[in-house]
Structure formats: structure tokens, C-alpha cells
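here is a sequence with its predicted model. Questions after.
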Amino acid sequence: MTETFIDESQNRSLWGDVWAQYKTHRGALAGTAVFLFILLAVFIGPFIYDVDPQYLDIRAKNQGPSWEHLLGTDQLGRDMLAQVLQGGRVSLAVGVIAMFISLVLGTFIGLMAGYFKWLDGPLMRLTDLFLALPLLPLLLVIIMLFRDTLRSMFGPETGIFLLIVFIIGITSWMNTARIVRGDVLAQKEREFVLAAKSIGTPSRRIIGRHIFPNVLSPIMVSATLGVANAIITESALSFLGLGFPSDFPTWGRLLFDGANYMTLTPARVIWPGLAISLTVLSVNFIGDGLRDALDPRIRGR
Amino acid sequence: MRLTHFMMAAAGASLLATTALAGSHEARGRDGHANIIYWQAASILNPYLSGGTKDIDASSMIIEPLAHYDENGNMVPTLVEEIPTVANGGVSEDLTSITWKLKEGLKWSDGSPVTSADVVFTGEYCMNPEGGCQQLAKFDDVTGIEALDDLTVKITFGKPKPFPYGPFVGASVPVIQAKQFENCVGAAAPTCTEQNFGPIGTGPFVVTEFRANDTISLAANENYREASKPAFATITFKGGGDAAAAARSVLETGEFDYAWNLQIAPEILAQMEAKGKGTVLSGFGPLVERLMVNLTDPDPALGDERATVKHPHPFLSDKAVRQALSMAIDRELLVEVGYGKAGKVTCNVLPSPEIYNSTANDSCKVQDIAGANALLDAAGWVRGSDGIREKDGVRLSILYQTSTNAVRQDFQALIKQWWGEIGVETELKNIDAAVFFGGDQSSPDTFQKFFADIEMYANTFDGTDPEAYMGNWACDKIPSPENAWLGSNMPRYCNPEYDAMVKEMAGTADINERARLAKAMNDMLMQDYVMIPLVHRGNVAAASNTLDGVKLNVWDSDLWNVADWSRK
């Protein structure tokens, strides 16, 4: 991206401009603040609030918030705050990494399919194929085939983590690919691309310098949706017993476990639910702000 | 509603104004409509083609066996005059035949008489080798069923049967009408949709509409043998949803009158019951939630010989370890957390009926962490630097699997913590119930394959006789690749003394002697700690407070006495 510097003497850079525009988007700033807060809370929080999230204190079950248990306890007396913090680490890590995998895959396939006409057919049929695959049976087969191997190689938790991240990543890139392809098709007919072609710019440069930056905004938006999707898919897998072990908290699992106790201790669904919603919402706002900031036609207006 | 009125009018008319029935003070169909919800929907009304409880229960309103079990587990006559025994001459002295005598004047719901030919036909229907009958085990050792006259049936067995009440006793083996099913024998059985979805029966209700996996509409049987029953003119049997929703629909909203099989956390159930619309019922059969201990090595490195008797387990083959695992468990607390009123502490795998319940193992009722630690110390298992015990390089690290169910996951978490206190490391795994209990040959996650160290589930048996159930742990019932992983001896327990007792029981008729043997077998299993019983589970159901006459029956269909139900 260093080539995109416009004018060194005025000391303005693309990313400087982007930041200047980003700052003016209040929602994006709020989203960034919330997301950073959640990140800090789940990664540093457990060192400050050092209650073992898996310790059962059965005498203190189904309690409301108190000084001892800030968010109350679950039906086996596990501390909710500790579980939400611990669960957040896993959920965020799964969400972000799986999103990243699907984004890279989806963008690459979308760019290739959109730019090279001869690749369009095969790649889009591949996308259709993946879209048509029944996801759950596929997951069942993959997990059954590789679980034991990974478990013995990396231990139960890391092994399952890698597997889940990989599975979610390779089964959720299709929407990104389709959106990117559509946008690339529109961009490559524009005059500046024609101009670049006419002076003999090789394809990879055209894609890298002219097309990719222009399709960045839909990619950003689908990235934010992808994080939410990955967090939710992980919870569905955990619920079916294919995900992490049942005593390994993630936001999705906490939510599912708490659903039955909704009328008894509503806090059990509110907190993990709120954490998921806030994360997804703040990531969405960040995406929105980035989209605006990255679009040169909006920037500076 | 129009249908209801029509049915009630028809009921009134056909009873000839109830005048002929001076004794009966109330008319059939007087209480209108009732709604029953089963959160697993019925898919067929022929128990011979389905092993599902939901299907058997639904069909029990329509077709009936010769005798059934009441709520105390006693056999009571349904279509017969009395229960045949050796004493009344119904069972032959050598225990090889039983003779049933039908009541006189019984009619099918289409008005034709019930005869012994129907019973004979039903037996042939199930025993047809091409029929795929699900209840074939009930007809084990039957060599012949013959009609002695219009009302008398004699069943002959190939060897002495101390308990000859398999065929035609209980809701899973009802009598079907020969005329209706005559073209549905053998391979044609599953293709007879009309018959399987709307059998003609002797029960209190007849099917008016059957929507598979959804709803069954039923109306009172005009030819039912008791003129004043059933009290309800119509019944809707709705299927689908989940246990919590079903409980809510009876206890909180009152939409339904009866809901079945409610395995929900006790505090949630209590909260629903507090709304005052319905009552939670529980009854205790022989259902026991237990841990199965794998005596064979499930190491994936062993390939095809994984979890087979060729490789004993590295540490669970040590009895001291198994015993310590059992001692560390606080069963009182498990009952409180998981079942409340619907569970009892048990130290036996055969806790019911009462005469079979042993008291020899009651020490397990109290948790003894210190004792378990001492036992492991004495056996040479010492704690390593991370607090996990080991001996000769073998770590006490357990993979503990069960099906996905909120209560079971709670149990796993609790037991993991207790085992942690005695220096045993536990990894939890839960598997979708459809896979775990599915028996799919290609899946590594079934409970028969048992590719784990410990697994947890509940098991029970039909009826009141434990002979077949206790036979489950004989050497020849060990699941292995050779027998396609069929068999129910999950711990892979093999003890010649035990097998000898199984054989002895098969040849013993005296009930007290049978009880002694059953107890001895139970004690042997318990004292070898190959199974660790946790909770004696009750069946839980919910009934509306406006419903009268509901008696939860764990020995037979939940709807066994639906003819006696009425509105308060």
C-alpha cells in the first residue's frame, strides 16, 4: 500500500485521510471504544478478577448479583462473570480468526472470478456448490474424521479450536466471494482500469492497486457480519455436542445453557447475550465507519 | 367443535339412551375433549413396526394386549378373564405352555367379535421372519400359538419359561385384528399405511385422523367393553416440540391436559408447577442413571482392536481405582441438582421392583473423598507434580462421555470436580443423543463402541421381570467388531460366576429364588464396580389439575388407563 501515497510534501497519507474521516463518524468511534473495552476485559479481566470459571460451589447456586459473585452464579454455582470473561476469549478468538480465514478465501475467489472471465464460471459454480452443501452433515463428517487426530496432537481444547475455526472459515466464504465478484465486475469496466490496461499494467497490479482498494468497503461490511456469524455458528456446534467440551465456557454455550433458566435467573442469558450483541454491533459500526472512510467519494466531504 | 357435538350425539344415540345400562350413572363421552402432548411425535400406530415409546403409548389408546401392568407393576387382565398361573392351571406344570381365556362378548371397534383367531394371527404376524417385527424379543422361545376354541389360546414354548408373560402382556404387544391386517403379513407389513395409521382395536378410542409425526385425532370407541367409558368424546394427541415447552403448555398455559417424559431441571419444573394449572407426577420404575466403566483400552492407536477385550484398560482394570471413583461421588447432591422429587439415591443397578432391591451396597449413599484418597494411596497411585495420580507412568486421566442433555452436562461438571479432588483428571465429551444412542455402525461415537473411559446414560427394562436385563452383563453380550457392536455389556465385563447365575436364573421358577439370584447378580456387579449407579430416576409427567383419574404407570404405557380419565 506504500505506493498509494499521494503527495509527500503536504504530509498527507491515505491512512491519515482515512483516520481523519473515520474520526468524524461518531458511531464508529463509539464502536471502537466498546470493542476495545470488550477486548481488554476478556484478555486482561481474568487476571484482575481471578475467580476460577469452572469451580463449582453448589451451595451458592442460582444466585443473583452480589459482591462475592458480581453477576451471580449458574445452576451449579459457577461464577457468571468469570465465565463470561473466559468465554469471551474463546468466542472472540473463534469469531475473528474464522472471519479472517473466510475473508481471505472469499476475497481471493471473488477477485479471481470477477477479473478473469475464464475463471468466472468454474469458481462461481464452486461457490454454488459450497452454498448448496448441507452444512451440518458436512461438519459432522469433518469433525468425526479429524477430531481424534487433532485431539491427540494438540490436546482437546486447542485441537477443537483449530478444527472449529477452520471449519467455520471454509464454510462461510461464499457470500463474500459473490459480493466481491459483483463489485469487481463493475469496477473493471471503469475508465481508470481501462487506462491502466492501456499503458500495459499487468493484471496483478491492476487488481492490487486499482480494483482491490475499490472493493474494500463491501469486504469490510462482510467481515463484520462474518464475525457475528462465526460466533453464532460456534455456539450451534457446541450445542450439538460437536464443539468444545461442555465445561469449557463460550458465549454461545453460556447462552444456550442459560435459556432454560430464563424465567428463574434472567441474568444468565442477559450477560452473554449482551456481550454477543455488543461485540457484533460495535464491529458493525467499525465496519460502517471504515467503509465511509475508505470511500474517496465520501471522504473529504 | 362440530365434530365433537356430532360424536356426542352419536354416542348418545348408539347407547340407546343409556336406559339399558341401569348400572351406569354417567354416559360415554360426557366430558368432551382432552389434549395430550408428547414432545416426540408419533409416527405410526403399530407397535410391532416401531420400538419408540411415543408410538407404543399412542397406540395403547387404540389397541390392547391380553393383560397389562398397573401402576404398581402387577399384572391385570385386559381382554382375558384372569391371569394364567401354575396355581390356577393356566400355566402348565412343566412351564412350557400358557393358556389364555378371552372375555366373552368383546368387540372390535368395527363391531365384529374378538376371537382367539385374532390372537393367533397377531403372534404369526410378529413372528413372520420377513416382517421385521420390533417386539420379536417378546416372543422368544415361542414354538406355537394355537386356538383351542373361539375364546381360548394356548402358547407353547420350546423350553421351560419361568416367566411366560412375554407375548401379549404390556402395551408393546397388543392384539391386532386379523381381518384388517390379513394382507399385511411379512414383507408387506410396512406398506400397509392405512392399517398402520388407523388400526381397528378394542381400546377406548378410535383414530379419526392420523397425521404422521404431527397430530392424531381420536374419538371414543362405540363398542368399548365398559359402557360408561371413556369419559372423553374426543382426544387430540399432539406431537413435537421439546420437553420444556411441553411442560409449559400443561403447567403454565393450560393448553394441554397431559405431557409426557419431562426431563427438566427440578427448579424449573417447580417454578412452572407453582402457577397452579397442573401437577407434576413422578413414578419409579427400574430406570437408573449410571456410569459404565470401560474395562478395555479405548486408545485410538489400537485401531480395530480399540475397546475390545484383547486389550485391558491401563488403569480402570484396577478395582481400587473403580471403587475410588464411585466413593468420590455425592449422589444426594446429584439427585438434588438433576432430578429433585423425580430421583432417588441408589447403589444398585436393579433398584426396582422392590423385591429385587438389594441393600448390600448402601455404603455408597455417603460421599467419602478421604476414603477414596486413602484407597488410591494404598493401591500405589501417587500424586504427581500437577496433583494427578500416576503409577508406572500411567496417569489417571479419564475421558468421560454422555449424550447432550442439560442435566447430564451438570452431572459431568460435578463429577469432574469430585474426581479432581481425588487426583483424577477428567475430560468431558458430550454427543448428540441421536448419534450416541443411534447405533450407527460407521460412527465412532455410539455408546456401544464406547471409545472413552467412562460413559453415562440411563437404562431400564420392560415389565417387571429382570431376567433379560440382568443377562445383559454376561460374557456373550460384549459388543465387539465381530458382532457388529451389538450387545449391551458396555463395561465388557466377563465373569464365569456371573454367567453361571444368569443360567441358573433362566431355569428357576420360584419368585423368591429368582429374587435372591437377581440380588446376587446385582451385588456382584456393584462390588466389582464395573457400573457405578448414580440416580434411580423416576418418570416425570405433568397433568392438568382439571383432569381426574390420571395414574402414572412406569411399567406400561403412560396412557394405560386413559379410559378412566375424566374432567373434575
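Okay, I see it. Residues are numbered from 1 along each chain as shown, chains lettered A, B, ... in the order given.

nearest spatial neighbour of the residue in the stretch 201-350 of chain B that chain A sits nearest to, skipping sequence neighbours?
Nearest residue of the stretch 201-350 of chain B to chain A (Cβ to the nearest Cβ) works out as B:Pro300 at 5.0 Å. Just so you know, the C-beta spots here come from the backbone N, C-alpha and C atoms, and that holds for glycine as well. Nearest residue to B:Pro300 in three dimensions, chain neighbours excluded: A:Asp148, at 5.0 Å (Cβ to Cβ, 6 or more residues apart in numbering or on different chains).

checking the one you found next. Helix, strand or coil?
helix (DSSP: H, G, I helix; E, B strand; the rest coil).

and B:Asp445, by the same measure?
coil.

on that earlier part again, verify the stated contact: the residue nearest to B:Pro300 with B:Asp299.
No. Between A:Asp148 and B:Asp299 there is no contact, the gap being 10.2 Å when judged by Cβ atoms under 8 Å.

middle-most residue in chain A, spatially?
A:Val227 (2.1 Å; Cα atoms, centre = their mean).

element containing it, please.
Assigned by DSSP states H and E, A:Val227 falls within helix A:216-239.

elements contacting that helix?
Secondary-structure packing of helix A:216-239 (3 or more Cβ pairs under 8 Å, 6 or more residues apart in numbering or on different chains; DSSP states H and E): helix A:80-115, helix A:156-170, helix A:174-187, helix A:251-259, helix A:267-294.

related to what we said a few turns ago, quick one: the residue nearest to the centre of chain A and A:Ser91, what's the gap?
10 Å (Cβ to Cβ, to the nearest Å).

again with B:Arg322
38 Å.

then A:Phe108?
26 Å.

more neighbours, the two?
A:Ser91 (28 against 15; other Cβ atoms under 10 Å in any protein chain shown).

and A:Ile286, how many neighbours?
There are 24 residues near A:Ile286, going by other Cβ under 10 Å.

so what's it up against?
A:Ala28, A:Gly31, A:Thr32, A:Phe35, A:Thr224 (Cβ atoms under 8 Å, 6 or more residues apart in numbering or on different chains).

of all those residues, which two lie farthest apart?
Within these, A:Thr32 and A:Thr224 form the most distant pair, 12.4 Å apart (Cβ to Cβ).

who's more crowded, the two?
A:Thr224 (22 against 18).

quick one: least confident helix or strand in chain B?
Lowest by mean pLDDT, DSSP states H and E among the helices and strands of chain B is helix B:2-14, with a mean of 46.

name the element the residue of chain B most remote from its centre belongs to?
In chain B, counting by Cα atoms, centre = their mean, B:Ser385 sits farthest out from the average C-alpha position, at 46.6 Å. Using DSSP H and E, B:Ser385 falls within no helix or strand.

up against chain A, what does chain B have?
With Cβ under 8 Å from any Cβ of the partner chain as the criterion, chain B meets chain A at residues B:244, B:264-265, B:267-268, B:271, B:300, B:333, B:337, B:403-404, B:406, B:409-410, B:412-414, B:416-417, B:427-432, B:435, B:443-445.

narrow these to just the buried residues.
B:244, B:264-265, B:267-268, B:333, B:337, B:403-404, B:406, B:409-410, B:412-414, B:416-417, B:427-432, B:435, B:444-445 (16 or more other Cβ atoms under 10 Å in any protein chain shown).

just the ones of those residues in helices?
B:244, B:267-268, B:333, B:337, B:406, B:409-410, B:412-414, B:416-417, B:435 (DSSP state H).

make TSV out of those and add pLDDT.
Shown next, in TSV, are these (pLDDT from 0 to 100):
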residue	pLDDT
B:Ala244	86
B:Glu267	84
B:Ile268	86
B:Leu333	91
B:Val337	87
B:Ala406	80
B:Gln409	88
B:Asp410	88
B:Gln412	92
B:Ala413	90
B:Leu414	92
B:Lys416	93
B:Gln417	91
B:Val435	78
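
of all those residues, which comes closest to B:Glu255?
Nearest member of these to B:Glu255, counting by Cβ to Cβ, is B:Ala244, at 14.3 Å.

hmm, the closest one is touching B:Gln263, no?
No. Using Cβ under 8 Å, B:Ala244 makes no contact with B:Gln263, being 9.7 Å away.

quick one: pLDDT of A:Pro296?
Looking at A:Pro296, its pLDDT is 69.

ugh, wrong one, I meant A:Arg12
69.

any idea how far A:Leu56 is from B:Arg331?
16 Å.

how about the residues of chain A by chain B?
A:54-56, A:58, A:61-62, A:75-76, A:78, A:140, A:144, A:148, A:152, A:156, A:239-242, A:245-247, A:257, A:260-261, A:263-264.

return the distance of the lengthiest strand in chain B from the chain's centre.
The single longest strand within chain B, with elements called by DSSP state E, is strand B:278-293. Relative to its chain's centre, strand B:278-293 lies at 10 Å (Cα atoms, centre = their mean, to the nearest Å).

list the buried residues in it.
B:278, B:280-293.

below-threshold pLDDT in the chain: ranges please.
All of this refers to chain A. Scanning chain A for pLDDT under 70 picks out A:1-12, A:239-242, A:296, A:298-301.

hm, I was asking about chain B
Looking at chain B by pLDDT under 70, you get B:1-25, B:51.

returning to what we had before: select, out of the helices and strands packed on helix A:216-239, the one closest to B:Asn489.
Closest among the helices and strands packed on helix A:216-239, using Cβ to Cβ: helix A:156-170, at 28.0 Å.

packing partners for that closest one?
Using 3+ Cβ pairs under 8 Å, 6+ apart, helix A:156-170 is in contact with helix A:80-115, helix A:135-154, helix A:216-239.

quick one, the helix or strand following the longest one and helix A:80-115 angle?
For helix A:80-115, the succeeding helix or strand toward the C-terminus, using DSSP H and E, is helix A:117-132. For helix A:117-132 against helix A:80-115, the angle by axes from the mean of the first three to the mean of the last three Cα atoms, to 10 degrees is 150 degrees.

packing partners of helix A:117-132?
Secondary elements touching helix A:117-132 (3+ Cβ pairs under 8 Å, 6+ apart): helix A:80-115, helix A:174-187.

is it true that the residue of the stretch 201-350 of chain B closest to chain A touches B:Ala452?
No. With contact defined as Cβ under 8 Å, B:Pro300 does not count as touching B:Ala452 (11.1 Å).

any idea which of the helices and strands packed on helix A:117-132 is most buried?
helix A:80-115 (a mean of 23; mean count of other Cβ atoms under 10 Å in any protein chain shown).

what's near enough to touch B:Val76?
B:Ala67, B:His68, B:Tyr69, B:Asp70, B:Ile83.

mind running it again at 6 Å?
Counting by Cβ atoms under 6 Å, 6 or more residues apart in numbering or on different chains, B:Val76 touches B:Asp70.

okay, and the beta partners of it?
B:His68 (DSSP bridges).

mind checking which helix or strand residue 34 is in?
The chain I'm using is chain A. Under the assignment here (DSSP H and E), A:Val34 is part of helix A:26-48.

um, chain B though
strand B:33-38.

quick one: contacts of the helix or strand following that strand?
Following strand B:33-38 in sequence order, the next helix or strand is helix B:53-59 (DSSP H and E). If you take Cβ under 6 Å, 6+ apart as the criterion, helix B:53-59 is touched by B:Tyr38, B:Gln40, B:Ala42, B:Ile44, B:Leu45, B:Pro47, B:Ala171, B:Ser172, B:Phe237, B:Ser557, B:Asp558, B:Leu559.

what's the answer for stretch B:164-174, then?
With Cβ under 6 Å, 6+ apart as the criterion, stretch B:164-174 contacts B:47, B:56, B:60, B:63-67, B:91, B:98, B:135, B:138-139, B:155, B:463, B:556-557.
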